[in-house]
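Engineer: just need the structure, nothing else, for what follows:
(one chain, ligands or ions: 2)
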Amino acid sequence: MLVVMQEGATEAQTEAIINRLVDMGFTVHRSTGVRHTVLGGVGPIDDFDPAILEVLEGVKECHRIVSPYKLASRHFKPAGTVITIGALEIGGPRIVSMAGPCSIESEEQIESSAKIVASAGAQVIRGGAFKPRSSPYSFQGMGEEGLRMLRVAADRHQLLVISEVMDQVQIPSLMKYADILQVGARNMQNFNLLRELGRIRKPILLKRGIAATIEELLLSAEYIMSGGNYDVILCERGIRTFETSTRNTMDIAAIPVLRRLTHLPVIADPSHGTGKRDYVLPMARAAIAAGADGLLVEVHPDPDRALSDGAQTLRPDQFSEMMQQVRAVAGAIGRTA
Ligand code: PEP
Ligand code: MN
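Structural biologist: Ligands and ions are numbered 1, 2, ... in the order given. The predicted model follows:
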C-alpha cells in the first residue's frame, strides 16, 4: 500500500498518517522526495478501502499495490535512487565503473590491479576474498587477510572497495574493510543472509541468480529493503540457458525492464555474463547503451595466470580500451563516465 502525501504536507500531517498506518497493522517505510513524501505500508492487510486514507489531511492519493515487491517498486520512489558513498554517486548521471580481479591472490597482485583500475579511471576496486567456487577443490579465496590487502591497495589509489559476502558470519569482516557488500548469484535467494544485510547500513550489490527471474531478483532486493537497508544495487550477470557458446546468457533486456520496474540502480557484469574476455567489451558497451548505471568487470595484471575466472578477465590494455569506449557510449546517450 502506498500513500502519496500532498506537496507541502506538514510534518505533523505525515506523522499522523504514519501513526494511522501503524495502528492498522502496517510497517511503514518512508521515502521523502523533493516534492512528495511517499509512505509504503507493508503488511498482511489486503481488505481495506484506500478511500479511508485519501480523505485524511495532507494525503494526495492512496494505492493498493498488487505487485509482490513494494519498496523496490518504482512507484515507491519515482525519481530513482542515487546511492552516495563519499564523493561517489551510484544511480546518477555518471556511469560507475567497478573493476578488479575475480580473487585477491597476493599483495603484489592486488596492488598492481589497483593501479590498473585507478589509472583507467574506474572508481571502485573489486576482488573476492570469500569465493563461491563450483568445486570444493578449487581456490577458495584468502579470507579476511585478503580483504585487508584489498583495503590497503584501494586506499593507496583512492578507490572504494566492493567484495563478496557468502555467509552471515563474514559480515563483520566486510563491514570493516569494504564499502559495498556483494551478494553473489549463488546466494541471491539465501534469505537468512539477505535479512541480515537488511540490518546493516552499507550498500549491497545484489547479483541476479543463475536461473532467477527479474521478479525473483526484485523480491530478494525487497528482503534487504524491508529490514531498513534501502541502498541496494542490482546486477545483471547473465543467466543459464541452453546456449553453450558463452558461460552465461547476458540478458541485456533485463536492464531496461529493471529500470521500468524499480527505482534501484542497475549495473551490469559482462565478465560473468559472457565468460570470455573477447566478448566483455562489446557487452559492456551494450549494457551502457541499454541504460545501465555502471559496470562490474574483471581485470588482472596477468589474467592467463589468474587463480579464478582467467578466461573472462581483461588484460590491462583491454580494460583501458573498454573504459574509453564506455565514455564514448555514455556521451552518446547524455551521460558521463
Ligand atoms: C564474482 O563476482 O566473482 C562472482 C563469483 O560472481 P557471480 O556471483 O555473478 O558468479
Ligand atoms: Mn569471478
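
Engineer: neighbours around the residue of the stretch 101-250 of the chain found nearest ligand 2, how many?
Structural biologist: Taking Cβ to the ion, ligand 2 has its nearest neighbour within the stretch 101-250 of the chain at residue 102, 3.3 Å off. Every C-beta, even on glycine, is put in place using the N, C-alpha and C of the backbone. For residue 102, the count of nearby residues is 24 (other Cβ atoms under 10 Å).

Engineer: which non-adjacent residue is nearest it?
Structural biologist: residue 309 (3.8 Å; Cβ to Cβ, 6 or more residues apart in numbering).

Engineer: residue 315 now?
Structural biologist: Looking at residue 315 with Cβ to Cβ, 6+ apart, the closest residue is residue 303, at 5.9 Å.

Engineer: and the pLDDT at that neighbour?
Structural biologist: The confidence metric pLDDT takes the value 98 at residue 303.

Engineer: how about the most centrally placed residue in the chain, secondary structure?
Structural biologist: The chain has residue 233 as the residue nearest its centroid, 1.9 Å off, counting by Cα atoms, centre = their mean. What DSSP: H, G, I helix; E, B strand; the rest coil gives for residue 233 is strand.

Engineer: can you map out the strands along the stretch 51-200 of the chain?
Structural biologist: 59-63, 83-85, 88-90, 96-100, 124-126, 160-164, 180-183 (DSSP state E, counting those that start in this stretch).

Engineer: mind checking which of those is nearest residue 259?
Structural biologist: Closest approach to residue 259 among those is made by strand 88-90 (14.0 Å; Cβ to Cβ).

Engineer: name the residue of the stretch 101-250 of the chain that lies nearest to ligand 1.
Structural biologist: residue 184 (2.9 Å; Cβ to the nearest ligand atom).

Engineer: ok, that residue touching residue 134?
Structural biologist: No - counting by Cβ atoms under 8 Å, residue 184 sits too far from residue 134 to count as a contact (11.8 Å).

Engineer: so those two - more neighbours on which side?
Structural biologist: When residue 184 and residue 134 are compared for neighbours, residue 184 comes out ahead with 22 against 6, by other Cβ under 10 Å.

Engineer: confidence score at the more buried one?
Structural biologist: At residue 184, pLDDT is 98.

Engineer: rewinding a little: quick one: contacts for the residue of the stretch 101-250 of the chain closest to ligand 1?
Structural biologist: 132, 164, 166, 207 (Cβ atoms under 8 Å, 6 or more residues apart in numbering).

Engineer: for it, give its distance to residue 202.
Structural biologist: 16 Å (Cβ to Cβ, to the nearest Å).

Engineer: what about the worst-scoring helix or strand of the chain on mean pLDDT, distance to the chain center?
Structural biologist: Taking mean pLDDT, DSSP states H and E as the measure, the chain has helix 50-54 as its least confident helix or strand, at a mean of 91. With Cα atoms, centre = their mean, to the nearest Å as the basis, helix 50-54 stands 35 Å off its chain's centre.

Engineer: repeat for stretch 29-48
Structural biologist: The answer for stretch 29-48 is 23 Å, by Cα atoms, centre = their mean.

Engineer: what do you get for stretch 156-176?
Structural biologist: With Cα atoms, centre = their mean, you get 14 Å for stretch 156-176.

Engineer: list the buried residues in it.
Structural biologist: Buried residues in stretch 156-176, counted by 16 or more other Cβ atoms under 10 Å: 157, 159-166, 170-171, 173-174.
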